[in-house]
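Undergrad: Okay, predicted coordinates and the sequence, questions at the end:
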Amino acid sequence: MIAGFSRVEITPLRGEHPEMMGFGAFLGRTALEVLQPIHVRASYLEDGGKALVLSFDLCGLSENLSDAVRKAAGEAVGLSAEQVVATCTHTHSAPSVMPIIGWGEFDEATAGRLPRLAAQAAEAAREAAAAVAVESGRTTFEWLSRNRVYGSEGPRDTELRTLAFREMASGRLLGLWAHYTCHPVLLCEQCRVISPDFCGVAMQALEATNQGAVCSFLQGYCGDINPVWAHMKQERSIVSLAHAGRRFRVAVEQAMAASQPETGGNVRAASEALPLSVALMSEEAIRAFEANAVARGEGWRRLAGIAGPAIRAEGEKLRAMKRPQRNVPTAALAVGKHTLVFHPFEMFTQVGLDIRERLGADTAWVVGYVNGYEGYAPTIDRFAPTTGDYAAHGVPLMMGRNPYSPALPSELVEGLTKIGQQVRE
C-alpha cells in the first residue's frame, strides 16, 4: 500500500472570536482564547483504488461546506469528490460551521478557509506518500464513557481500535487512525476556549512522541455517550481534559503495542445518497412547538421565529413527494480486511453495534459526523409520540426541519450494511 499523511492548522486567526457549538439556544458561547490548536488531518491511500480521508477538529460540517471541502481536496490530488470523506471529531470547542439554528452562530471566516486548507492538507499528504506496512490494534477503554440516555444499564462500546501505517523501509510511524465512541464534551457550556477536546489532545501528544507522524481520530456512534466528566466550570474542565487526554493517549499506545500486521492490501471507496423517510409535522404540532418555545425564554422564542417558517416551507416540498424523504450522503472504504462506513449522524450506540454485527464486528468501523450533519439517529424507542425526545424530535426543530420517521435506525442499518458490503466485493 502507498499512503501519505499531513496536518494543517485550522485554528481561528488572532482577533477572531467565533461562537462554538452547542448547549443552548442563542447562548453566544464565544471563544475567548485558544487552549490548544485545531487541525485538519489528511490520509491519502493508494492500493488498487485511491481514497482521501480528512479528519477535522470540528463539531461537524454543513453539507454544502462538506461538498466544497471534498471537491477542493479531491481536485488537489486528482480524485473525485466521491473518493474523499470529510469526517469531524465532534469537539464542541471549535468554531461552529453546522446547520443548527442558534446553537452557535455559523462562522463564515473559518468556513471560507476550510476548502483551501483541506486542499493544502490533501496535496501535502499525497506528496508524502510512501510504501507502508499496516498494523491493526485494539484494546478496551472503560474509564471514560457513560451512557447519558439509558444510564448504567445502557449499551456502550468501549473498544478502542487503531490502524497504524508504518514506512516500509524504516518501520517509522507515518500515520495512525484511532477509533472510539464518546462525545468530546469535557469542555461544555461554561467554557470559552478553543480545543480539540480529549481525542485531539491525545492525538497531538502522540504526534509529539512520534515525530513526523499524523494521528487522526475517527469518531464512533456517540449520540447517547458522554464522558464521565461534563458540564463543569472551565477551570475544573481544563484539569479534567488534561487527565482524560493523557489516559486516552496511553490507551491508544496500548492498542498499538498489541498490533498485528495486516496481510494484503486493497483500497476501495464508494459513495452514495441514501434515501431516508421523513415524518411530516402537522400545523398543530408546529404551533405547539412555537408556543412551547415562547414559554422557554428568549433564546427559544428566537429559535422558533426562524425554525417555524423553515419547517413549514420544507413540509410543502416534502408533501409533493410520493414518499417524503431526504437523500443523505453515505460512504464506505475498504482498507485491507477492514471496512469503514461513514454517515452524517449522531448515531446511538445500539444502532452502530447492529451495523457492526451485520458487517462483521471484528473488522467494521462505523464512523459518524461525515460529509455533512443530519442530527441524531436514535433507537426506535425514542420516537414514541409521547416522549418529545431531544434526539428524535428536539434537534430537528433546532435545524428548522421535519423529523425523521421511526424507520430511521432500521433504514440506516440496511443502507450502511449494503454500501459496506459493496466495497468488500
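TA: Received, thanks.
Undergrad: my guess is Val40 is in a strand, correct?
TA: Yes - Val40: assigned to a strand according to DSSP: H, G, I helix; E, B strand; the rest coil.
Undergrad: Touching, it and Leu52? I think so.
TA: No - with contact defined as C-beta atoms under 8 Å, Val40 does not count as touching Leu52 (11.4 Å). Just so you know, the C-beta spots here come from the backbone N, C-alpha and C atoms, and that holds for glycine as well.
Undergrad: Return the distance of Trp177 relative to Lys322.
TA: 41 Å (C-beta to C-beta, to the nearest Å).
Undergrad: neighbour-wise, which of the two wins?
TA: Of the pair Trp177 and Lys322, Trp177 is the one with more neighbours under other C-beta atoms under 10 Å, namely 26 against 5.
Undergrad: What is the subsequent helix or strand relative to whichever strand or helix holds that one?
TA: Using DSSP states H and E, Trp177 sits in strand 173-180. For strand 173-180, the succeeding helix or strand toward the C-terminus, using DSSP H and E, is strand 193-194.
Undergrad: contact partners of that next one?
TA: With contact meaning C-beta atoms under 8 Å, 6 or more residues apart in numbering, strand 193-194 is reached by 11-12, 20, 31-38, 93-95, 187, 234, 238.
Undergrad: List the buried residues in the following helix or strand past it.
TA: Later in the chain than strand 193-194, the nearest helix or strand by DSSP H and E is helix 197-209. By neighbour count with 16 or more other C-beta atoms under 10 Å, helix 197-209 contains the buried residues 197-207.
Undergrad: Output the below-cut-off pLDDT ranges for this structure.
TA: For the chain, the stretches flagged by pLDDT under 70 are 264, 386-387.
Undergrad: circling back: just the buried residues out of the contacts of strand 193-194, in ChimeraX syntax.
TA: Per 16+ other C-beta under 10 Å, the buried members of these correspond to this ChimeraX selection:
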select :11,12,20,31,35,36,37,38,93,94,95,187,238
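Undergrad: Mind checking which of the contacts of strand 193-194 are in helices?
TA: Within these, residues falling in helices by DSSP state H are 234, 238.
Undergrad: and the closest residue to Thr140 other than its chain neighbours, what does it touch?
TA: Using C-beta to C-beta, 6 or more residues apart in numbering and skipping residues adjacent in sequence, the residue nearest Thr140 is Thr158, 5.0 Å away. With contact taken as C-beta under 8 Å, 6+ apart, Thr158 is in contact with 140-142, 145.
Undergrad: Leu340 now?
TA: Here Leu340 is in contact with 218, 332-334, 364-365, 367 (C-beta under 8 Å, 6+ apart).
Undergrad: Could you dump these into TSV with neighbour count added?
TA: Rendered in TSV, the data for the contacts of Leu340 read as follows (neighbours: other C-beta atoms under 10 Å):
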residue	neighbour count
Leu218	26
Ala332	27
Leu333	26
Ala334	24
Ala364	21
Trp365	22
Val367	25
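Undergrad: ok, of those residues, which one's closest to Phe289?
TA: Closest to Phe289 out of the contacts of Leu340 is Val367 (31.9 Å), distances taken as C-beta to C-beta.
Undergrad: in stretch 166-181, what's buried?
TA: 166-167, 173-181.
Undergrad: ah, wrong one, I meant stretch 247-264
TA: Buried residues in stretch 247-264 (16+ other C-beta under 10 Å): 248-249, 251-256, 259, 262.
Undergrad: now swap in stretch 47-58 and tell me
TA: 47, 49-58.
Undergrad: Likewise for stretch 178-196?
TA: 178-189, 191-196.
Undergrad: ditto for stretch 123-139
TA: 123-126, 128-130, 132, 134-139.
Undergrad: For that stretch, C-alpha coordinates in CSV please.
TA: Presented in CSV, the C-alpha positions along stretch 123-139 are these (Å, rounded to 0.1, in the frame of the first residue of the first chain):
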residue,chain,number,x,y,z
GLU,A,123,-1.7,17.8,-1.5
ALA,A,124,0.9,17.5,1.2
ALA,A,125,-0.4,14.0,2.1
ARG,A,126,0.0,12.8,-1.5
GLU,A,127,3.4,14.3,-1.8
ALA,A,128,4.5,12.5,1.4
ALA,A,129,3.1,9.2,0.2
ALA,A,130,5.4,6.1,0.6
ALA,A,131,5.2,2.4,0.7
VAL,A,132,3.7,1.4,4.1
ALA,A,133,3.0,-1.7,6.2
VAL,A,134,-0.3,-1.6,8.0
GLU,A,135,-0.9,-2.9,11.6
SER,A,136,-4.2,-3.2,13.4
GLY,A,137,-4.6,-3.0,17.1
ARG,A,138,-7.3,-2.9,19.8
THR,A,139,-7.9,-2.5,23.5
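Undergrad: First residue to last residue on stretch 361-374, what's the distance there?
TA: Using C-alpha to C-alpha, to the nearest Å, the end-to-end distance of stretch 361-374 comes out at 25 Å.
Undergrad: Show me how far it is from its chain's centre.
TA: 8 Å (C-alpha atoms, centre = their mean, to the nearest Å).
Undergrad: mind listing what's buried in it?
TA: Under the neighbour-count rule (16+ other C-beta under 10 Å), stretch 361-374 has 363-374 buried.
Undergrad: how far away is Phe248 from Tyr180?
TA: 8 Å.
Undergrad: Quickly list what's touching both of the two.
TA: Common neighbours of Phe248 and Tyr180 (C-beta under 8 Å, 6+ apart) are 141, 199.
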